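Asks: I'd like to go over a predicted model; first the sequence, then the structure.
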Amino acid sequence: MIKGSCLCGQVRYEINGEMGPITHCHCPSCKKAHATAFSSVSRVELADLTFTTGESLVKFYESSPGKKRHFCSNCGSQIYAKREDQNYYIFRMGTIDGDPGIRPAQHIFTRYKAPWYNIHDDIPEFSEWPE
Ligand SMILES: [Zn+2]
């Protein structure tokens, strides 16, 4: 089981199931939402995520039509994003505690990469979405 928590610790969750490989997303919305060079995300099936505490604190911001970014309204930690037309969570890796056992597989939206960040790995890079 994978466990995680937000910065203030009031939101805690468990993931019972496999997570997909990790994608580093360099899109402008992720940079702003996470205040980082890129966000690191992975797919989680809807049935696999359970909040153990603090679910009522999780609010969302609709950053583009149909895409909601869910975060702890007390401390601001990004927890997951969800598109209305997708039946899975785009889970944010940063609040996971310990090693979830999955590793990065790709960079996407590198056309928007921060000029002050250099990619230093061998995984594939895609200008926007993968082909
Ligand atoms: Zn919090």
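Replies: Arrived safely.
Asks: shouldn't Ile96 be in contact with Ile2?
Replies: Yes. The pair Ile96 / Ile2 is scored as a contact, 6.1 Å apart, by Cβ atoms under 8 Å. All C-beta spots, glycine's among them, are computed from the backbone N, C-alpha and C.
Asks: name the residues contacting each of those two.
Replies: Counting by Cβ atoms under 8 Å, 6 or more residues apart in numbering, the contacts common to Ile96 and Ile2 are Ile15.
Asks: just want to know which of those two has more residues nearby.
Replies: Taking neighbours as other Cβ atoms under 10 Å, Ile96 and Ile2 compare with Ile2 leading, 22 against 19.
Asks: count the residues that sit near the spatially closest residue to that one that is not a sequence neighbour.
Replies: Leaving aside its chain neighbours, Ile2 sits nearest to Ile15 (4.1 Å; criterion: Cβ to Cβ, 6 or more residues apart in numbering). Burial of Ile15 is recorded as 20 neighbouring residues (other Cβ under 10 Å).
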